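[1] Structure here, sequence nowhere to be found:
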């Protein structure tokens with residue numbers, strides 16, 4: 001691997017892609033492609049673009065993320081989340097590039113009574129989770145050097161996410177009803193991008209493709225700590241609105257029916273990530289405060 005690699009980043013208008021373009025600065029030639037220039041639904045375009053750019057590192061945050069819509073749009077979800085990562089992986093294997101890909105807690109069924117570790121059995125309960133698992137499997141089978149970074153409950157100051165939804169609804173309603181029996185770790189998109197950039201920086205210092213091959217595999221990348229969606233909502237509104245915050249009422253999953261089933265337990269241990277790369281991920285509440293400070297800076 002060269003000292004100044006070409007780093008291809010997909011989905012740069014998404015939450016994680018937007019942050020990656022900023023955190024990767026200084027690590028190489030960053031090629032940031034929007035959907036119009038790099039549509040993951042077009043598998044032939046994926047191949048031709050990767051072959052033309054010859055990246056050393058491919059970072060793929062682009063995905064089909066409409067969890068409920070995926071239940072009736074399975075083909076599109078599978079193409080973007082399953083087929084496209086497989087093609088990226090094949091091209092990475094062909095050229096000797098590294099692929100960094102993001103996956104999800106939704107590959108698990110949520111029945112474990114402790115945080116999930118990387119080698120726990122997967123059992124996705126919705127189409128989105130199934131499509132992401134297919135992508136993971138395709139990458140592993142390709143033989144390319146890769147990192148699959150599973151994260152959870154991603155939020156940020158742009159796009160569509162729980163944080164922005166709560167801020168909007170909190171300004172409009174005196175009371176919000178939010179699910180309290182699903183537990184996970186809200187993870188700021190900047191935390192994901194920053195951790196990814198730290199890993200790439202380590203690889204550049206090593207300057208050896210074997211460095212990547214020795215570390216290839218699945219890692220969990222989530223903020224530290226845990227809460228429910230209800231706890232997350234309260235934290236958001238307490239920071240944003242303080243004494244004017246609406247009343248946030250805890251409800252059960254059964255009280256808020258949606259098309260796609262969610263896991264009750266989305267907790268994932270990131271010990272492997274810490275032990276391998278020396279990264280200490282922030283507590284979700286600390287990251288949330290930083291995110292909110294950015295929003296109103």
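    Everything's here; your move. Bear in mind the structure is a predicted one, so any value in this text is a computation, not a measurement.
[2] I would like the residues contacting the longest helix along the chain, please.
    For the chain, the helix that runs over the most residues, judged by DSSP state H, is helix 189-206. Residues outside helix 189-206 that contact it (Cβ atoms under 8 Å, 6 or more residues apart in numbering) are 1, 3-5, 7, 15-16, 18-20, 22-24, 27-28, 57, 59, 61, 98, 100, 102, 147, 149, 151, 154-156, 211-212, 221, 223, 273, 277, 279, 281-282, 287, 290-291, 294. Every C-beta, even on glycine, is put in place using the N, C-alpha and C of the backbone.
[3] looking at this, residue 12 is in a strand?
    No: Residue 12: not assigned to a strand; according to DSSP: H, G, I helix; E, B strand; the rest coil it is coil.
[4] For the residue nearest to it when sequence neighbours are not counted, the count of nearby residues, please.
    Leaving aside its chain neighbours, residue 12 sits nearest to residue 32 (4.2 Å; criterion: Cβ to Cβ, 6 or more residues apart in numbering). Neighbour count for residue 32, taken as other Cβ atoms under 10 Å: 20.
[5] who's in contact with residue 32?
    Residues near residue 32 by Cβ under 8 Å, 6+ apart: 9, 12, 17, 20, 21.
[6] What about the closest residue to residue 280 other than its chain neighbours, how many residues nearby?
    Excluding its sequence neighbours, the residue lying closest to residue 280 (Cβ to Cβ, 6+ apart) is residue 274, at 6.2 Å. The number of residues packed near residue 274 is 15, by other Cβ under 10 Å.
[7] helices or strands up against the helix or strand harbouring residue 274?
    Residue 274 belongs to helix 271-277 when assigned by DSSP states H and E. On a contact count with 3 or more Cβ pairs under 8 Å, 6 or more residues apart in numbering; DSSP states H and E, helix 271-277 meets helix 189-206, strand 217-220.
[8] Name the residues that touch the helix or strand following the last one?
    This means strand 217-220. On the C-terminal side of strand 217-220, the nearest following helix or strand under DSSP H and E is strand 227-228. Contacts of strand 227-228 with the rest of the structure, by Cβ under 8 Å, 6+ apart, involve 179, 180, 181, 182, 183, 184, 185, 186, 235, 250, 284.
[9] For strand 227-228, what is the distance to the chain centroid?
    18 Å (Cα atoms, centre = their mean, to the nearest Å).
[10] Helix 189-206 and the lowest-mean-pLDDT helix or strand in the chain, what's the angle between them?
    Here the helix or strand of the chain ranked lowest by mean pLDDT, DSSP states H and E is helix 284-295, holding a mean of 91. Counting by axes from the mean of the first three to the mean of the last three Cα atoms, to 10 degrees, helix 284-295 points 100 degrees away from the direction of helix 189-206.
[11] Just the buried positions in helix 284-295, please.
    Neighbour-count burial for helix 284-295 flags 284, 285, 287, 288, 291, 292 (criterion: 16 or more other Cβ atoms under 10 Å).
[12] same thing with stretch 223-241?
    223-237, 239-240.
[13] how many other residues sit next to the closest residue to residue 215 other than its chain neighbours?
    Nearest residue to residue 215, sequence neighbours excluded (Cβ to Cβ, 6+ apart): residue 276, at 5.9 Å. Using other Cβ under 10 Å, the number of residues around residue 276 comes to 15.
[14] For residue 164, see how far away residue 135 is.
    Applying Cβ to Cβ, to the nearest Å, the value for residue 135 to residue 164 is 26 Å.
[15] more crowded one of these two?
    residue 135 (28 against 16).
[16] Relative to residue 40, how far out is that one?
    For residue 135, the distance to residue 40 - Cβ to Cβ - is 10 Å.
[17] Mutual contacts of those two, please.
    residue 84.
[18] Would you map the strands across the protein?
    Secondary structure of the chain by DSSP state E: the strands cover 6-9, 29-32, 57-60, 98-104, 145-151, 154-155, 175-179, 183-184, 187-188, 217-220, 227-228, 247-251.
[19] now those as CSV including mean pLDDT and distance to residue 121?
    Formatted as CSV, the strands of the chain follow (pLDDT from 0 to 100; distance: least, Cβ to Cβ, whole Å):
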stretch, mean pLDDT, distance to residue 121
strand 6-9, 97, 32
strand 29-32, 96, 36
strand 57-60, 98, 25
strand 98-104, 98, 15
strand 145-151, 98, 14
strand 154-155, 98, 24
strand 175-179, 97, 25
strand 183-184, 98, 19
strand 187-188, 98, 23
strand 217-220, 98, 13
strand 227-228, 98, 24
strand 247-251, 97, 30
